[in-house]
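Trainee: predicted structure and sequence below. I'll ask about it afterward.
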Amino acid sequence: MAQGQRNGDWVPYPSEGKCIGGTRCPARQIRIRLEDRPVLAVRFRASDDIGETAGGELRVSIDRNVVRSGIDVPRRGEVFTIDVDELRGSYLTIQPDENDEVQVEDISVLYGRGDSRPGRDRDRGPSRGGWRSYPQGAGCIGGEECRKNGNRITVALEDAPVIGVRFFARDDIGTRADGKLNVRIDNTSIASYVDVQRSGKRHEFDVDSVRGSKLVISTANDDEVDISEVQVMYGRRDSYGGGSGGGYVPETRHEGGCIGGEECGGKRARIRIPLRDRPVASVRFHARDDVGTRAGGELRIRVDDKILRDDLDIPRAGQTFTIEGAHAVGEYLIIEAVTDDEVVLKDIRIKYEP
């Protein structure tokens, strides 16, 4: 296996891309030797323009742990960024879920800190305060013209509470000027639907001492946004807030997004939120159906294959919903469009049973 070269904490594996699956590809899977560090995310570009059929799906695994399955690959191609919950392993495997050819390329892995045990890395990191810059967290995301970069920027964080996030964003790429961003640390939302000006401005957010493995800046709609000058301010290592510290965490939060319809990815669009290994007590979110010309948005909410609510009608003006969790335990909470109409969700909160 080829050894990747470092680019910040993202390590690219440029020689590992290939055609896999079906009858025309020589390889059945891609297998990459991983570094001895926790994996925070995997990014690659995949397309299904080989062969006559267009039913390519992919599965991503680390050793025997399936990180994501049923990844629907469009014919023209798409950049996928798969969140990983700090798994360690020997090999990353990308393989077809269906018997159809898929071209996979531009594979990169985002690694976290190699060792967070007491006595290691204690003299590194921003325990004295101040802003730390992440020059690798820059680029154009979202929309048609930035499709090759995907729809998000992911930055590996220090093992310290975050008290501030700031970056410069502009929306002068493409013909539209409707760029909006979501900002989160792991599954804790920092800001939602941040309006991006065409000429650009610096956005700065106070954070309530949230600990996490990665900062994610993603587009909230299908418009190009250019991100630069990403900086994070850390607090003292011994200060804990209400974020993702150790011990029992009663809920998972997610900023939401727009799914369904012509403007938000169609019926195949969905929100997938990794769950903790505890029974789900309830799911709470705000949803509205004021995007696009139609007003027939309906949602399905499920934990893996267990449906919590089907055909949930979303009013145009919006409403806050609370769905019973039915003691469901699984890998993901999935919210998907039942009809081909746009629905905007925000402030998703998954509460767990104690």
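Mentor: All right, it came through fine.
Trainee: chain neighbours aside, what residue packs nearest to the residue most central in space within the chain?
Mentor: Geometric centre of the chain, nearest residue: Asp83, 5.4 Å, by CA atoms, centre = their mean. Leaving aside its chain neighbours, Asp83 sits nearest to Ala41 (5.6 Å; criterion: CB to CB, 6 or more residues apart in numbering). Yep, even glycine has a C-beta here, placed from its N, CA and C like the rest.
Trainee: mind listing what the nearest residue to Lys214 once chain neighbours are set aside touches?
Mentor: Closest residue to Lys214 apart from its sequence neighbours, by CB to CB, 6+ apart: Leu40 at 4.8 Å. The contact partners of Leu40, taken as CB atoms under 8 Å, 6 or more residues apart in numbering, are 9, 83-84, 86, 110-112, 154, 156, 213-214.
Trainee: do Val303 as well
Mentor: Contacts of Val303 (CB under 8 Å, 6+ apart): 275, 280, 325, 328-330, 332-334.
Trainee: for PyMOL, write a command that selects the buried ones of those.
Mentor: Per 16 or more other CB atoms under 10 Å, the buried members of these correspond to this PyMOL selection:
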select buried, resi 275+280+325+328+329+330+333+334
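Trainee: could I get the contacts of Val303 as JSON lines with pLDDT, distance to Tyr352 and secondary structure?
Mentor: Output for the contacts of Val303, formatted as JSON lines (pLDDT from 0 to 100; distance: CB to CB, whole Å; DSSP: H, G, I helix; E, B strand; the rest coil):
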{"residue": "Leu275", "pLDDT": "85", "distance to Tyr352": "8", "secondary structure": "coil"}
{"residue": "Val280", "pLDDT": "94", "distance to Tyr352": "6", "secondary structure": "strand"}
{"residue": "Gly325", "pLDDT": "94", "distance to Tyr352": "8", "secondary structure": "coil"}
{"residue": "Ala328", "pLDDT": "93", "distance to Tyr352": "11", "secondary structure": "coil"}
{"residue": "Val329", "pLDDT": "92", "distance to Tyr352": "10", "secondary structure": "coil"}
{"residue": "Gly330", "pLDDT": "90", "distance to Tyr352": "12", "secondary structure": "coil"}
{"residue": "Tyr332", "pLDDT": "89", "distance to Tyr352": "14", "secondary structure": "strand"}
{"residue": "Leu333", "pLDDT": "92", "distance to Tyr352": "11", "secondary structure": "strand"}
{"residue": "Ile334", "pLDDT": "92", "distance to Tyr352": "17", "secondary structure": "strand"}
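Trainee: before we move on, the earlier item: neighbours around the residue nearest to Asp83, how many?
Mentor: Residues contacting Ala41 under the criterion other CB atoms under 10 Å number 23.
Trainee: check Arg176 too.
Mentor: 14.
Trainee: and if you look at Arg198?
Mentor: Neighbour tally, Arg198, other CB under 10 Å: 12.
Trainee: again with Ser69
Mentor: 13.
Trainee: number the residues from 352 up from this point.
Mentor: Sure, I'll start numbering at 352, so the last one becomes Ser420.
Trainee: how close does it get to Asp448?
Mentor: 6 Å (CB to CB, to the nearest Å).
Trainee: just how off-centre is stretch 606-618 within its chain?
Mentor: In this view, stretch 606-618 has its centroid 15 Å away from the chain centroid, taken as CA atoms, centre = their mean, to the nearest Å.
Trainee: ignore what I typed, I meant stretch 558-578.
Mentor: With CA atoms, centre = their mean as the basis, the mean position of stretch 558-578 lies at 9 Å from the chain mean.
Trainee: give me the buried positions along that stretch.
Mentor: Quick answer for stretch 558-578 (16+ other CB under 10 Å): 558, 560-578.
Trainee: C-terminal to the lowest-mean-pLDDT helix or strand in the chain, what's the next element?
Mentor: Within the chain, no helix or strand scores below strand 602-610, which has a mean of 82 by mean pLDDT, DSSP states H and E. Per DSSP states H and E, strand 602-610 leads on to strand 621-625 as the next helix or strand towards the C-terminus.
Trainee: what strands line up against that following strand, and which way round?
Mentor: Looking at strand 621-625 with DSSP bridges, its partner strands are strand 683-688 (antiparallel).
Trainee: mean confidence score for the helix or strand following the strand it pairs with?
Mentor: Sequence order places strand 694-703 as the next helix or strand after strand 683-688, per DSSP H and E. Mean per-residue pLDDT for strand 694-703: 88.
Trainee: can you pick out the most distant pair from the contacts of Leu391?
Mentor: Asp360 and Asp434 (14.5 Å; CB to CB).
Trainee: which parts of the stretch 452-601 of the chain are strands?
Mentor: 453-462, 482-484, 490-492, 503-507, 513-521, 531-536, 539-546, 552-561, 565-570, 576-585 (DSSP state E, counting those that start in this stretch).
Trainee: of all those strands, which lies closest to Lys702?
Mentor: strand 539-546 (14.3 Å).
Trainee: what pairs with the closest one, parallel or antiparallel?
Mentor: strand 531-536 (antiparallel).
Trainee: in space, what's closest to Leu438 - neighbours in sequence excluded?
Mentor: Leaving aside its sequence neighbours, Leu438 sits nearest to Ile413 (CB to CB, 6+ apart; 4.8 Å).
Trainee: bridging residues for that neighbour?
Mentor: With DSSP bridges applied, Ile413 shows beta-bridge pairing to Asn416, Leu443.
Trainee: surely it and Glu437 touch.
Mentor: No: contact criterion CB atoms under 8 Å: Ile413 and Glu437 do not qualify, at 10.6 Å.
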